[in-house]
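S.K.: Need a 3D model of the sequence below.
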Amino acid sequence: MSARAQEALRAAVERLRAVGVPDPARDARLLLAEALGIAPGRLTLQLPDPLAPDAASAFERMIAARAARQPVAQILGRRLFWGRAFAVTPDVLDPRPETETLIAAALDAPFRRVLDLGTGSGAILLTLLAERPVATGMGCDLSAAALAVARENAQALGLGSRATLCRSDWFSSVRGSFDLIVSNPPYIAAPELAQLAPEPRDWEPRMALVPAGNDGSGLGAYRAILAGLGPHLAPRGRLVVEIGAAQGRAVAALFLARGLAQVRVLRDLDGRDRVVCGLRA
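M.R.: From the prediction side, this is the model:
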């Protein structure tokens with residue numbers, strides 16, 4: 001006789017807890033709902049029922065992946081961000097809730113043309129375009145594999161005609177100017193990589209986490225962005241970037257040294273410094 005869904009769920013929670021998964025009950029419920037092909041909110045209704053063999057097999061595969069600390073978004077192949085589903089693979093960063101602080105800051109003023117540097121899955125660029133139907137934008141990334149994910153997301157959201165995606169080392173392939181430039185660049189200092197949770201450390205692309213030519217500060221990407229800003233940020237244009245929680249003062253100082261005005265450090269919902277924004281005066 002097949003085990004009931006609630007018994008499989010209970011065993012999965014204990015298995016994930018044993019390997020240190022931070023919220024094993026939440027993750028196990030999401031994965032069981034996926035295995036059953038139902039919305040997570042309907043799972044409770046299914047728990048007393050026997051778990052069909054195909055669902056049990058799919059659930060086992062997903063729990064084994066999560067026990068190896070693969071992120072849930074990669075296992076599901078998608079992540080909900082600003083109310084929209086984005087495809088996620090190991091070639092891109094998992095769009096995180098704290099990055100929505102950057103979206104809120106970017107939407108705080110009008111824009112018609114936006115550039116997203118290091119676009120990854122395209123979650124930032126495509127969210128901004130979806131929220132501003134008259135805007136157009138460009139997303140750049142050095143990773144061809146990441147750009148393929150971004151293209152998939154652009155097509156799925158019906159934004160392919162307004163989003164240009166190109167392979168570029170920061171501004172190397174960028175032409176023209178923009179009234180909004182955004183970026184969630186790599187900002188982890190190399191010595192800090194070992195301290196990260198296994199999910200980003202082992203499963204997300206290193207080039208999206210650690211700046212190239214890292215000098216130990218994690219600030220290399222911000223310096224590269226600011227150095228190339230001149231021809232591409234329009235007068236009165238805004239630069240909005242995500243930062244590490246301890247980098248607010250240092251990145252704000254870089255903005256000011258570059259001559260940007262109205263420089264602000266914004267906090268996320270957990271009260272941590274998360275975004276720096278400035279205006280080209």
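
S.K.: low-scoring pLDDT stretches of the stretch 1-150 of the chain, where are they?
M.R.: 1-2 (pLDDT under 70).

S.K.: mind listing the helices for it?
M.R.: 5-18, 24-36, 43-46, 53-67, 72-76, 100-106, 123-131, 144-156 (DSSP state H, counting those that start in this stretch).

S.K.: Could you dump those into TSV with mean neighbour count added?
M.R.: Where you see a C-beta, it was placed from the backbone N, CA and C, and this is true even at glycine. Output for those, formatted as TSV (neighbours: other CB atoms under 10 Å):
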stretch	mean neighbour count
helix 5-18	17
helix 24-36	21
helix 43-46	14
helix 53-67	17
helix 72-76	21
helix 100-106	20
helix 123-131	24
helix 144-156	19
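
S.K.: Arg264 is nearest to which of these?
M.R.: helix 100-106 (8.3 Å; CB to CB).

S.K.: Run through who's touching the closest one.
M.R.: 81-82, 114, 124, 127-128, 131, 180, 182, 184, 238, 240-242, 266-269, 274-275, 277 (CB atoms under 8 Å, 6 or more residues apart in numbering).

S.K.: Figure out how far it is from the centre of its chain.
M.R.: Its chain's C-alpha centre and that of helix 100-106 lie 12 Å apart, by CA atoms, centre = their mean, to the nearest Å.

S.K.: Then stretch 92-100?
M.R.: Distance, centroid of stretch 92-100 to centroid of chain: 3 Å (CA atoms, centre = their mean).

S.K.: so which of the helices of the stretch 1-150 of the chain gets nearest Ala246?
M.R.: Ala246 lies closest to helix 100-106 among these, at 15.8 Å (CB to CB).

S.K.: Any of the contacts of helix 100-106 buried? List them.
M.R.: 81-82, 114, 124, 127-128, 180, 182, 184, 238, 240-242, 266, 268, 274-275, 277 (16 or more other CB atoms under 10 Å).

S.K.: Pull the contacting residues for the most centrally placed residue in the chain.
M.R.: In the chain, the centroid-proximal residue (CA atoms, centre = their mean) is Pro95; its distance is 2.2 Å. By CB under 8 Å, 6+ apart, the contact list for Pro95 reads Ala73, Arg79, Phe81, Phe86, Val88, Gly120, Ser121, Ala123, Ile124.

S.K.: from memory Leu126 sits against Ala163, does it?
M.R.: Yes - using CB atoms under 8 Å, Leu126 is in contact with Ala163, at 6.3 Å.

S.K.: anything in contact with each of those two?
M.R.: By CB under 8 Å, 6+ apart, Leu126 and Ala163 have these common neighbours: Gly139, Ala150, Ala154.

S.K.: For the residue nearest to the first one when sequence neighbours are not counted, grab phi and psi.
M.R.: Distances taken as CB to CB, 6 or more residues apart in numbering put Thr119 closest to Gly139, at 3.2 Å, once the chain neighbours are dropped. Torsion angles at Thr119 (phi, psi; degrees, to the nearest 10) stand at phi -70, psi -20.

S.K.: so Thr119 makes contact with Leu129?
M.R.: No - contact between Thr119 and Leu129 fails when scored by CB under 8 Å: they sit 11.5 Å apart.

S.K.: quick revisit: got JSON lines for the shared contacts of Leu126 and Ala163, with distance to Ala33 too?
M.R.: JSON lines is the format used below for the shared contacts of Leu126 and Ala163 (distance: CB to CB, whole Å):
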{"residue": "Gly139", "distance to Ala33": "31"}
{"residue": "Ala150", "distance to Ala33": "27"}
{"residue": "Ala154", "distance to Ala33": "27"}
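
S.K.: between those, which is closest to Ala64?
M.R.: The closest of these, once distances to Ala64 are taken by CB to CB, is Ala150, at 28.9 Å.

S.K.: ok, the closest residue to the closest one other than its chain neighbours to Ala3 distance?
M.R.: Using CB to CB, 6+ apart and skipping the chain neighbours, the partner closest in space to Ala150 is Gly122 (3.3 Å). Gly122 sits 40 Å away from Ala3, going by CB to CB, to the nearest Å.
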